[in-house]
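*Asks:* Model the following, please.
(chains A and B)
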Amino acid sequence: MDTHLPLLRRGAGLICVGAAFALSGVRTVAADAPAQADAFPTPDNYITVSGVAPFVSGDKAAFDARTGMPSAGSGGIEDLSYAKDLSKDVSITVNGHALGGAQDYLGDLKLSFNDVGSIDTGYKRFRTFYDGVGGFFPLSDSFQALSYESLHVDRSTFWLTATLAKPNLPVFTLGFHVDSRTGQKESTEWASVINPNAVVTNGALVGTALPANTPFIAPNVMNLNEHHSVLDASMVATAGKVTETVKASLGWINNDDWRSYVKYPGSKVIVDPTVTVLDDEQTIKSTDFRLINQTDIKFNPYVALDVGLSFSHQSSTNGGNWITPAYSSTLKLVYTAETAANIYGTGNVDDYVGNAFLKFTPTKDWLIDLGFRDEYNVITSSGGFVTSSLASTAKTLDPSNFTVANDLTYSHQNDHVATPELSIRYMGFDGLSLYASFDNRTNHGNQHWINPYAASTTAGVTGITTTASAPLGSIFFQEANQDYSNGKIGANWNATSQLTVRAEVYRKDHQNQFVGANDIIGVASTGALYVTGYNFTGATVSVIYRPDPVLTLTTRFDAQDGMMSVTGNSITGGTGTEITSGNASARTISEALDYAPSGQFYFHGDLSFVFNYLQTAYPFVPVNATNSIATPIQNANNNYITASGLAGFVVNKSVDLQLQGIYTRADNYNPSIASGGQPYGAGFEERSVTAGVKCKLADRWMLDAKVGYLDRTDATTGGFTNYNGPLAYVGITYSL
Amino acid sequence: MHAFTSKAIRNWLILAGLSAWGLLVVSCVTADRTIVAPPQIAGAKYVGTKQCAECHTDVAEHFTTATHARLVANGAGALDTGCENCHGPGSLHVKAGGGAGTIINPRKSPETCFQCHLDKRSQFNLPHSHPLLAGKVTCSDCHDPHQGDAIRGSGAALASATETCLRCHTQQAGPFTYAHGAIREEGCTACHNPHGTVNDKMLVARDANLCLRCHLATLSSGFNIGGYKSGGAHANAIGSRLSEGACWSAGCHEDVHGSNVNASLRP
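*Replies:* Predicted coordinates for the structure are as follows:
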């Protein structure tokens, strides 16, 4: 569903539900051609009160998540804008909205004092909805949803900023803001269906062996409770040819996030009724301080130098639990094995950055920037926890059968990153701008950790199986030498008043060299094995063609191809050999048409085709009509199509009409591997049509009324999250 | 409210289409005013960047360093390639001595950006994207169109590449005892497309392929991925956990951004 009503409601100039897809670039007015006045200009001061009423059938949680608004409806003050001069030297600006149901609020008050400064304070909050999808099993046509499918996360910000800006004096700013993120969201959306005895050919079950529907991977819920406060101050002073900027900030983070499993009746693990058990919890409390100094010097009209210095320090304490729940298939109980309980630890980051840009403007046609950046950072961390293991000979869950031990790890990482950059632009040809840039980031760093603990977890209680495995003791050392080159070259050509062409080619070439060793205690070491390099080459071409002042065609083509190299293993040519893994290709073809044959009508249409393909070195056998399932992982296809059309009409001197249609489709879902693994690939189809009218009721009164119909089908969830239905919107604007 | 049938939808579309063309015909002969398609300023014309710089000195001074400054060209035919390329024709704004209602503010709506970035319009239309189209975030929350590289943290910029994301996603900032190397490699965009994808969490791949791009072999010889150890958790065999979902799904490498407990990024 793509109606995006909240935005729509704020789009004061639009009639249609779905203002998000309102016009793209109606460049039908020539550069020097004045247009006629709009009958519905946006007033400076106004208030809009509105309401949305969806009448949706199907999965309402999916509707909430996709549209960003509650299926139960919402309403309130959609937009408030007010500005007034309180006196000759003082003005006030107020902006806000308050939409109940959607839990979308904004209040912003700003007082400006001429030649003195300003005070700005406000509060903003909005809600994001999640659908709590757990997974779909095509062989049994069953669907897993979290027990509480309707989830949401609220994000809010409070701010207070004061600025002192007196003439001929430095500008001082002091600010404080608090950001919060609280609520629940799903952390993964799929589960598994595995039964080695089940035979499936081309998506159809053969024989009588039914899939076990064993949720090795269960849906779970993330509970968020995150708070971030920042106190910052800055000063900007200009003296002659030098501008000095100093910024300092002090921040506090207080986060407590945890994750819960949800187990279901009917799964192989018999737990009745549905239970939710804590999986793991991560808490972070940190304090960070940052100081930035920026000096800009204009030596003369041709040469300027910008120098920046930054220092930051972060100190954190960590906590939490990692719990590996185990289930009894006969005892109907949940044994929560605390693999890592009472996590404790600290982390410290010190980061030093300096950069400089030397800017040459030898003539009005040339711009040359030569930059350099140098960074050095040190990260030290220690983490510990208490782990418990059940004795293999234990026959009960009595605490005396558990062995409790402490585990402590020390880690250290430092990086030295140097980045030179060169950027050149030339505008010596009429209507043409040529540019190129290149940077090369090299990183020399090392990382090590020491973890002396080595233990294993076993369980021997009848009926109890546990997958708990405590981390093995290890010693790890690695030296990293990384080289990243990025380059691009492009042109923007205003060929004629009818034709603009833009083109850019870029390449990223990254090489890694890791030298080091690791030793998992009790297991032979194979050294450090990671990605050894990757490169991407891409191009973007845009053509804006205006064959007539009333018609604009915009075409854009984006292409990117790349591959990654990794250290192979024994089945890919032997450990230590370098092979290609991430073989990726992406093409996006987009077209937009804007047509305004008269002042009383306009049309915008756009269409995008996206082809996105990723293949890794993992063994892959393509699925086709004659090929039985032999591999559990498909290549990742992320193809989709989007299209929209929007038309606006003048009906008479006080009424406008707008019609809109939106279509989105992804067709990557393939259930053919259902016997060997979860069928992957996003497959959905969305359609919406809307119609709206905007009426000028009186000099100060405006009415927006819209109706729409939405339809969404989702193959990935087996249709269990489909929804459709009409919705209506009414908004009244009063000019203050 | 009952769901519409496909037949009802078809009929409604036909009716809407006929009505639209009817209104067009009627409007062409009865109305004498303009309807403007946003983002446009009715009645305004282009005046050139120099006019803007007279008041917006601070912005103009640094604009030469901006990515979008590459659009600027010289010549009479390139009058609209500067500030007005995004903010719309500025004559009424200049005439009024400023004011919010006489100029386009791209912060209010992404339509200005979508004029050229057609691909981003498409990405933000996907089910898994930042709520830009719902008006809850703006392009300029992450991109600075007036100064420096539009992708913050690029090249020799003072800021680091991940700062843009970590301002809001503080839980992923760490520091962690065991950090994920992907953050060091490419930052958050190694795995996420922040504009939107067809996959949950804006991931560039929905399943284990995301990880297999880099991780074909692991630290321990016992866990080479892809069949080395038949029957193991990572083996290439029906029944292996690798085929059951993503590597980071529940119970396995859940703490993909970093762990304080386990080198394999288990919680």
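*Asks:* ok but B:Gly155 is inside a strand, no?
*Replies:* No. B:Gly155: not assigned to a strand; according to DSSP: H, G, I helix; E, B strand; the rest coil it is coil.
*Asks:* Can you give me the pLDDT of it?
*Replies:* Reported pLDDT at B:Gly155 in the predicted model: 89.
*Asks:* Next: A:Thr238.
*Replies:* On pLDDT, A:Thr238 comes in at 93.
*Asks:* sec struct for it, please.
*Replies:* Quick answer, by three-state DSSP: A:Thr238 is strand.
*Asks:* How about the contacts made by it?
*Replies:* Contact analysis of A:Thr238 by C-beta atoms under 8 Å, 6 or more residues apart in numbering or on different chains lists A:Glu244. Quick note: C-beta positions are derived from backbone N, CA and C, even for glycine.
*Asks:* distance of it from A:Gly117?
*Replies:* 16 Å (C-beta to C-beta, to the nearest Å).
*Asks:* and what of A:Ile284?
*Replies:* Computed with C-beta to C-beta, the distance linking A:Ile284 and A:Gly117 is 36 Å.
*Asks:* so where's the stretch 1-150 of chain A shaky on pLDDT?
*Replies:* Where the stretch 1-150 of chain A drops to pLDDT under 70, the residues are A:1-39, A:140, A:144, A:146-148.
*Asks:* For residue 158, which residues are in contact?
*Replies:* Because you didn't say which chain, this covers chain A. With C-beta under 8 Å, 6+ apart, A:Phe158 has these contacts: A:122-123, A:177-178.
*Asks:* that answer is for a different chain, and I need it for chain B
*Replies:* A:292, A:294, A:308, A:310, A:353, A:355, A:373.
*Asks:* which one among those gets closest to B:Thr177?
*Replies:* B:Thr177 has its nearest neighbour among those in A:Val353, at 23.8 Å by C-beta to C-beta.
*Asks:* can the helix or strand where the closest one lies be found next to chain B?
*Replies:* Under the criterion DSSP states H and E, the helix or strand holding A:Val353 is strand A:334-360. Yes. Judged by C-beta under 8 Å from any C-beta of the partner chain, strand A:334-360 comes into contact with chain B at A:340, A:343, A:345, A:347-349, A:353, A:355, A:357, A:359.
*Asks:* out of these, which are buried?
*Replies:* Buried by 16 or more other C-beta atoms under 10 Å in any protein chain shown: A:340, A:343, A:345, A:347, A:349, A:353, A:355, A:357, A:359, out of these.
*Asks:* re the thing from before, downstream of the strand holding A:Val353, the next helix or strand is which one?
*Replies:* Per DSSP H and E, strand A:334-360 leads on to strand A:366-390 as the next helix or strand towards the C-terminus.
*Asks:* what packs against the helix or strand following that next one?
*Replies:* Later in the chain than strand A:366-390, the nearest helix or strand by DSSP H and E is strand A:402-429. Strand A:402-429 sits against strand A:366-390, strand A:432-451, strand B:178-179, with contacts defined as 3 or more C-beta pairs under 8 Å, 6 or more residues apart in numbering or on different chains; DSSP states H and E.
*Asks:* Give the other helices and strands that the helix or strand following the last one contacts.
*Replies:* Pointing back at strand B:178-179 there. Using DSSP H and E, the next helix or strand after strand B:178-179 towards the C-terminus is helix B:181-185. Judged by 3+ C-beta pairs under 8 Å, 6+ apart, helix B:181-185 is in contact with strand A:474-494.
*Asks:* Direction included, what does the following helix or strand past the strand it packs on pair up with?
*Replies:* Per DSSP H and E, strand A:474-494 leads on to strand A:499-520 as the next helix or strand towards the C-terminus. The strands that strand A:499-520 pairs with in its sheet are strand A:474-494 (antiparallel), strand A:531-548 (antiparallel) (by DSSP bridges).
*Asks:* Rounded mean pLDDT for strand A:499-520, please.
*Replies:* The predicted model assigns strand A:499-520 a mean pLDDT of 84.
*Asks:* any idea of the angle the strand holding A:Val353 forms with strand A:366-390?
*Replies:* Angular relation of strand A:334-360 and strand A:366-390 on a 0 to 180 degree scale: 160 degrees, by axes from the mean of the first three to the mean of the last three C-alpha atoms, to 10 degrees.
*Asks:* Just the closest of the contacts of B:Leu158 to A:Gly487, please.
*Replies:* Nearest to A:Gly487 among these is A:Arg373, at 16.5 Å by C-beta to C-beta.
*Asks:* what residues are up against the closest one?
*Replies:* A:Arg373 is in contact with A:353-355, A:417-421, B:155-158, counting by C-beta under 8 Å, 6+ apart.
*Asks:* related to what we said a few turns ago, got the buried ones among the residues of strand A:334-360 next to chain B as CSV, with pLDDT and distance to A:Asn406 columns?
*Replies:* Converted to CSV, these look like this (pLDDT from 0 to 100; distance: C-beta to C-beta, whole Å):
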residue, pLDDT, distance to A:Asn406
A:Ala340, 64, 11
A:Ile343, 81, 11
A:Gly345, 85, 12
A:Gly347, 90, 19
A:Val349, 94, 25
A:Val353, 97, 37
A:Asn355, 96, 44
A:Phe357, 96, 51
A:Lys359, 94, 57
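*Asks:* Output the contacting helices and strands for the strand holding A:Val353.
*Replies:* Using 3+ C-beta pairs under 8 Å, 6+ apart, strand A:334-360 sits against strand A:275-298, strand A:303-328, strand A:366-390.
*Asks:* Just checking: what are the partner strands of the second one?
*Replies:* Strands that pair with strand A:303-328, judged by DSSP bridges, come out as strand A:275-298 (antiparallel), strand A:334-360 (antiparallel), strand A:464-465 (antiparallel).
*Asks:* which one of the contacts of A:Phe158 sits closest to B:His130?
*Replies:* Among those, A:His177 lies closest to B:His130 (C-beta to C-beta), at 19.8 Å.
*Asks:* Residue 56: neighbouring residues, count only.
*Replies:* No chain specified, so I'll use chain A. Neighbours of A:Val56 under the rule other C-beta atoms under 10 Å in any protein chain shown: 23.
*Asks:* The chain in question should be chain B.
*Replies:* Applying other C-beta under 10 Å, we find 16 residues neighbouring B:His56.
*Asks:* ditto for A:Asp699
*Replies:* By the criterion of other C-beta under 10 Å, A:Asp699 has 7 neighbours.
*Asks:* Now it: phi and psi?
*Replies:* phi -60, psi -40 (degrees, to the nearest 10).
*Asks:* how about it, what does it touch?
*Replies:* Per C-beta under 8 Å, 6+ apart, neighbours of A:Asp699: A:Ser735.
*Asks:* Now do it, the pLDDT please.
*Replies:* 87.
*Asks:* same check, this time on B:Val198
*Replies:* 93.
*Asks:* The closest residue to it other than its chain neighbours - how many residues pack around it?
*Replies:* Closest residue to B:Val198 apart from its sequence neighbours, by C-beta to C-beta, 6 or more residues apart in numbering or on different chains: A:Ala682 at 3.8 Å. By other C-beta under 10 Å, the residues close to A:Ala682 number 24.
*Asks:* Quick check: A:Ala682 touching B:Gly196?
*Replies:* No. With contact defined as C-beta atoms under 8 Å, A:Ala682 does not reach B:Gly196; the gap is 11.8 Å.
*Asks:* got the helices and strands packed on strand A:334-360 as a markdown table, with mean pLDDT columns?
*Replies:* Below are the helices and strands packed on strand A:334-360 laid out as a markdown table (pLDDT from 0 to 100):
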| stretch | mean pLDDT |
| --- | --- |
| strand A:275-298 | 86 |
| strand A:303-328 | 83 |
| strand A:366-390 | 86 |
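*Asks:* how many neighbours does the residue of the stretch 51-200 of chain B found nearest chain A have?
*Replies:* Closest residue of the stretch 51-200 of chain B to chain A, C-beta to the nearest C-beta: B:Gln115 (2.9 Å). Neighbours of B:Gln115 under the rule other C-beta under 10 Å: 23.
*Asks:* List phi and psi for it.
*Replies:* Dihedral pair for B:Gln115: phi -50, psi -40, per degrees, to the nearest 10.
*Asks:* Tell me the pLDDT of it.
*Replies:* Per-residue pLDDT puts B:Gln115 at 89.
*Asks:* That'll do, ta.
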